[in-house]
Structure formats: C-alpha cells, structure tokens
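In: this is a predicted model, with the sequence first.
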Amino acid sequence: MRKTSKTTALTALLLTAVLLGCLLIPAIASADNMYVIPDSDRRELTYDELWEYKYNTLLYAYNEILARHGYKFETGSRCYNWFTQMPWYHPNENESSSNHSATYSQMSALENRNFNLIKQVYREMREMGMTNKGGKGMPTPPAQNVDKPRGFEYVDLKAGQKLAVYTAPGGNAYRANNGKAMCSTNGAVYGLGWEDGWLLMLYEANRAGQYRVGYVYSPQFKKGAVDDLGELFWNESECEVLMDAAVTDDPAETGVPLMYLQAGDHVTYLTTMYNSGAWDYIETTLNGQTLRGFVQQGALSITAEDPTEAIDPGNG
C-alpha cells in the first residue's frame with residue numbers, strides 16, 4: 001500500500017508539472033510570429049526542412065526575403081495583403097512593379113541562396129501536384145488596429161529573444177504577471193524612448209489580446225532599429241488621487257488592472273498619453289516596489305506647472 005501511495009503521488013506531481021508548463025508557455029511566448037521563417041536572412045536553410053512546409057506557405061517564405069528589403073508587391077496580390085499587415089514591412093516607394101533593382105541590390109549572398117532554394121522546393125511540389133497538407137502552415141497574423149498610445153513606433157528587434165519586462169526602469173521595480181512578465185521579439189514590439197539605458201516599450205503579451213507597456217534594459221537584447229528613439233522626459237510632479245481608480249499597464253486593449261488607487265492617495269504624475277482615450281501615466285509603489293502604469297484621465301488632481309511646455313516667446 002505504501003508503494004502504491006508513493007507511485008500515485010509521483011504521478012500526480014508529474015501531471016501537475018506538465019499542466020503548469022502548459023500554462024506558463026503562453027505567458028512568455030508572443031501571440032504572433034511576425035515571420036514565416038524568422039531566420040531566413042541569417043541561416044542557411046536546408047532542402048529537407050523546406051519539405052516540412054505546406055506548398056502555399058513556401059510562396060510567402062521566399063517572398064518574405066524580398067519583403068524584408070521593401071519589395072513592392074502588386075496591390076491586392078496575396079503577398080501584398082499578407083505583408084502590408086506586418087509592422088516591419090516598409091515598401092520601397094522608389095520601386096515599380098517592373099523594376100525591383102533596389103530590393104535585389106540589398107539582398108545578401110545568403111538570402112539569395114535561401115530564396116533560390118525555397119523557390120526550388122516550391123516548384124518541385126507544384127510539378128508533383130503536392131500541397132503537403134500536413135506540413136507547417138502560416139503563422140498567426142499580427143493583431144490588427146491595436147489602440148496603442150501615440151508616439152510608440154514599431155522597432156525591428158532580432159527575432160527569437162525573450163526579454164524580462166519591468167513596469168519601471170530598474171531591476172528592482174515591480175514586474176507584472178506575478179513577476180514573470182516577458183516580451184518575445186517574435187511578436188510586434190513598439191518603442192517610445194529611453195530612460196537611463198531602459199527602453200519603454202509596448203508589446204503583445206498573450207493570445208487573449210493583452211498588451212503591456214514596460215521597460216527592458218538594453219544589455220538584455222540585440223538592438224534593432226531603436227537607436228533613433230530619443231530620451232524620455234517626465235513631469236514628475238506629485239498629485240492627489242480624486243477618486244478610486246485602477247492602474248493598468250495595458251492602455252491599448254484590455255485595461256487589465258495591476259492595482260487600485262483610492263481617493264486621497266498621492267502618486268507621481270509623469271505625463272498623459274493618448275490613443276482613442278486619454279491616460280495619465282503615473283508612478284507609485286506596490287508591495288514596496290516602484291510601479292508605473294496608466295489611469296484613465298480625470299482621476300488625478302494635476303496642478304503643477306508642466307516643465308515641458310513651450311515658453312511664450314513674448315516672455316522669453
């Protein structure tokens with residue numbers, strides 16, 4: 001009986017571990033892959049691995065190599081409709097449908113090699129009348145019409161990274177998702193600016209459509225097109241909370257609360273951001289940790305002079 005009890009307990013423990021693993025994966029994984037083959041510009045693909053994809057997926061896979069360099073697809077074509085929903089895709093306006101020399105001149109020897117290999121497998125499948133129905137399909141397209149605050153710009157960070165995110169700059173700041181908030185660079189990432197080596201970013205957090213705003217320390221990631229983002233400047237004035245209010249790190253979609261403020265509390269007002277609504281960005285503390293987040297405008301008494309306002313030239 002004792003042996004049976006131990007076996008049952010061990011089985012239950014293993015099942016619990018598997019279940020927890022399944023629950024944790026979505027918390028750190030991006031909801032959407034932004035590429036069909038994320039590393040086709042950095043790694044030699046193999047003939048055998050390409051046969052693992054569906055026939056139609058390979059069409060987008062080789063065109064993706066061109067799209068990275070701004071290839072201008074015919075309006076309304078399948079590739080046009082797919083790639084124009086990708087925030088990293090920027091068509092080269094100097095190209096025409098008959099002249100793509102600008103794109104071809106930017107492709108590396110590795111990309112040319114992969115382009116030709118994918119196209120070879122694609123043609124072989126077509127000649128054999130194969131669709132490879134059980135093969136790898138297309139990634140989930142990115143979420144559309146994200147109500148991100150104005151000023152956040154898409155940043156093309158290298159794919160395949162998982163980055164720890166904090167609600168405020170600093171490794172001791174509060175971290176959402178029970179201290180496990182992570183950003184996957186396989187999904188869309190939008191940056192606003194820098195603060196002491198920390199990038200303030202908006203990213204898709206899970207498949208339920210939740211987005212988070214938080215900070216990532218620059219040494220954690222391989223930078224992409226983020227160096228042109230400027231330094232952040234905040235108001236940093238103390239203000240009183242006028243009414244009970246929720247604080248969220250997702251002003252873009254769900255507004256899921258991180259904590260609640262009560263009337264009479266005092267917080268540090270940083271700035272106001274706008275999307276389809278207006279949000280006051282504040283700093284406070286939670287469980288002794290610094291936390292930054294958003295409250296809907298109207299909940300705070302903001303009376304301090306704004307040091308970022310332009311000076312009247314007549315009084316200068």
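Out: Noted; the coordinates are in hand.
In: make it CA atoms for all contacts and neighbour counts henceforth
Out: Fine.
In: list the buried ones in stretch 160-172?
Out: 161-170 (16 or more other C-alpha atoms under 10 Å).
In: do stretch 245-258 as well
Out: Neighbour-count burial for stretch 245-258 flags 245-252, 255, 257-258 (criterion: 16+ other C-alpha under 10 Å).
In: pick out the most distant pair among the residues you listed.
Out: When C-alpha to C-alpha is used, the two most widely separated members of the buried residues of stretch 245-258 are 245 and 252, lying 17.1 Å apart.
In: thinking again about what came up before, and which of the buried residues of stretch 245-258 is nearest to residue 75?
Out: Looking across the buried residues of stretch 245-258 and measuring by C-alpha to C-alpha, the closest to residue 75 is residue 252, at 29.6 Å.
In: strands of the stretch 101-250 of the chain, start to end?
Out: 153-154, 162-164, 182-184, 189-195, 198-204, 211-217, 237-241, 245-248 (DSSP state E, counting those that start in this stretch).
In: pull the residues that contact the last one.
Out: Among residues not part of strand 245-248, those counted as contacts by C-alpha atoms under 8 Å, 6 or more residues apart in numbering are 255-263, 293-296, 299.
In: the shortest one now?
Out: By C-alpha under 8 Å, 6+ apart, the surrounding residues in contact with strand 153-154 are 87-88, 188-192.
In: ok, that strand: who's next to it in the sheet?
Out: With DSSP bridges as the test, strand 153-154 is paired with strand 189-195 (antiparallel).
In: can you lay out the contacts of strand 245-248 as JSON lines showing distance to residue 151 and secondary structure?
Out: As requested, these are arranged in JSON lines below (distance: C-alpha to C-alpha, whole Å; DSSP: H, G, I helix; E, B strand; the rest coil):
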{"residue": "255", "distance to residue 151": "19", "secondary structure": "coil"}
{"residue": "256", "distance to residue 151": "22", "secondary structure": "coil"}
{"residue": "257", "distance to residue 151": "23", "secondary structure": "strand"}
{"residue": "258", "distance to residue 151": "23", "secondary structure": "strand"}
{"residue": "259", "distance to residue 151": "25", "secondary structure": "strand"}
{"residue": "260", "distance to residue 151": "26", "secondary structure": "strand"}
{"residue": "261", "distance to residue 151": "26", "secondary structure": "strand"}
{"residue": "262", "distance to residue 151": "29", "secondary structure": "coil"}
{"residue": "263", "distance to residue 151": "30", "secondary structure": "coil"}
{"residue": "293", "distance to residue 151": "16", "secondary structure": "strand"}
{"residue": "294", "distance to residue 151": "15", "secondary structure": "strand"}
{"residue": "295", "distance to residue 151": "18", "secondary structure": "strand"}
{"residue": "296", "distance to residue 151": "18", "secondary structure": "strand"}
{"residue": "299", "distance to residue 151": "23", "secondary structure": "coil"}
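In: got these as a markdown table, with distance to residue 153 and pLDDT columns?
Out: Shown next, in a markdown table, are those (distance: C-alpha to C-alpha, whole Å; pLDDT from 0 to 100):
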| residue | distance to residue 153 | pLDDT |
| --- | --- | --- |
| 255 | 20 | 94 |
| 256 | 22 | 95 |
| 257 | 24 | 97 |
| 258 | 24 | 97 |
| 259 | 27 | 98 |
| 260 | 29 | 98 |
| 261 | 30 | 98 |
| 262 | 33 | 97 |
| 263 | 34 | 97 |
| 293 | 19 | 98 |
| 294 | 19 | 97 |
| 295 | 22 | 97 |
| 296 | 22 | 95 |
| 299 | 28 | 95 |
